[in-house]
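Coordinates only, no sequence provided:
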């Protein structure tokens, strides 16, 4: 039996196990997806143990996405983003960041062309993945964050990106093509980081928040005729990318999507 899994702390809330195991069942792969909660101090030993036990791959979540870097050979994208969310143990442990693909594949699935200008709200882990992903597609990227200095630090790493405060959102969004909310604002609360007045029908809006699926930002965007993409799509496609990396098989996307949404 092949074993894959997730390391983080906490991981009890994760919906990755049913999503991945639905794919194994659909493709008749003899595998299980399990969760692990090592301590920060034992992270290196945990990864050594995973390798020794023949675990095929691990997803990585908070708080270990950055702290695993010294223990893996990070690919160029993960190195640039400064975070790993997927480890492949097929040879020497290699670190990847599939969150970036989660962003681009979510937009692609909804028929959104990634050209023009993107505005990203938030400069944390999700914001970094989104910024690099969209810049690599050739988009002009504007990063808006409550703390402008943090947006500035990210903008320095991303080619041609600019940094702004949240007060700039009205002007930034006036001619933007894509908006990504990469903050936790709206998670299990009726809040939005973006004023409704800044939204317009030519926008495609991806909200990384997936609890609830229909956030206030997405309701506001839908009301003005914008294309809306809930956070479960980003979660799905980062998992799809990891599955395909580990198995070399084309992922059964619809099966994984149904299992994911049933678990939320």
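Arrived safely. Just so it is clear, the model here is predicted, and its values are computed rather than measured.

Give me the nearest residue to the residue sitting nearest the centre point of the chain, chain neighbours excluded.
The centroid of the chain falls nearest to residue 99 when counting by C-alpha atoms, centre = their mean (3.3 Å). Excluding its sequence neighbours, the residue lying closest to residue 99 (C-beta to C-beta, 6 or more residues apart in numbering) is residue 129, at 3.8 Å. The C-beta positions use only the backbone N, C-alpha and C, and glycine is treated the same way.

Residue 148 versus the one you found, what's the distance?
Separation of residue 129 from residue 148 (C-beta to C-beta, to the nearest Å): 20 Å.

higher neighbour count, these two?
The residue with more neighbours, out of residue 129 and residue 148, is residue 129; 31 against 18, by other C-beta atoms under 10 Å.

Contacts only, for that one.
With C-beta atoms under 8 Å, 6 or more residues apart in numbering as the criterion, the residues that contact residue 129 are 81, 83, 97, 99, 100, 102, 103, 182.

host element of it?
Here residue 129 sits within helix 125-136, counting by DSSP states H and E.

Was I right to think the residue nearest to the centre of the chain contacts residue 239?
No: at 10.4 Å, residue 99 does not count as touching residue 239 under the criterion of C-beta atoms under 8 Å.

so which strand or helix has residue 202?
Counting by DSSP H and E, residue 202 is found in no helix or strand.

Run a quick neighbour tally on it.
Around residue 202 there are 14 other residues, counting by other C-beta under 10 Å.

What sits closest to it if chain neighbours are left out?
Residue 202 sits nearest to residue 177 (C-beta to C-beta, 6+ apart), 6.9 Å away.

Could you do residue 100 as well?
residue 133 (3.8 Å).

Distance-wise, check that neighbour relative to residue 104.
Distance from residue 133 to residue 104, counting by C-beta to C-beta: 5 Å.

Neighbour count: these two, which is higher?
It is residue 133, of residue 133 and residue 104, that has more neighbours when counted by other C-beta under 10 Å, with 27 against 20.

who are the neighbours in contact with the more buried one?
Contacts for residue 133 (C-beta under 8 Å, 6+ apart) come out as 99, 100, 101, 103, 104.

Check residue 58 too.
Neighbour list for residue 58: 4, 5, 6, 7, 36, 47, 50, 86, 87, 89 [criterion: C-beta under 8 Å, 6+ apart].

what's around residue 68, how many residues?
Look at residue 68: counted by other C-beta under 10 Å, it has 23 neighbours.

Pull up the per-residue confidence for it.
Residue 68 is assigned 97 on the pLDDT scale.

Show me where the chain has its strands.
Using DSSP state E, the strands assigned to the chain run over residues 2-7, 31-36, 57-60, 73-74, 86-88, 94-96, 117-121, 140-144, 162-164, 178-181, 204-207, 227-229.
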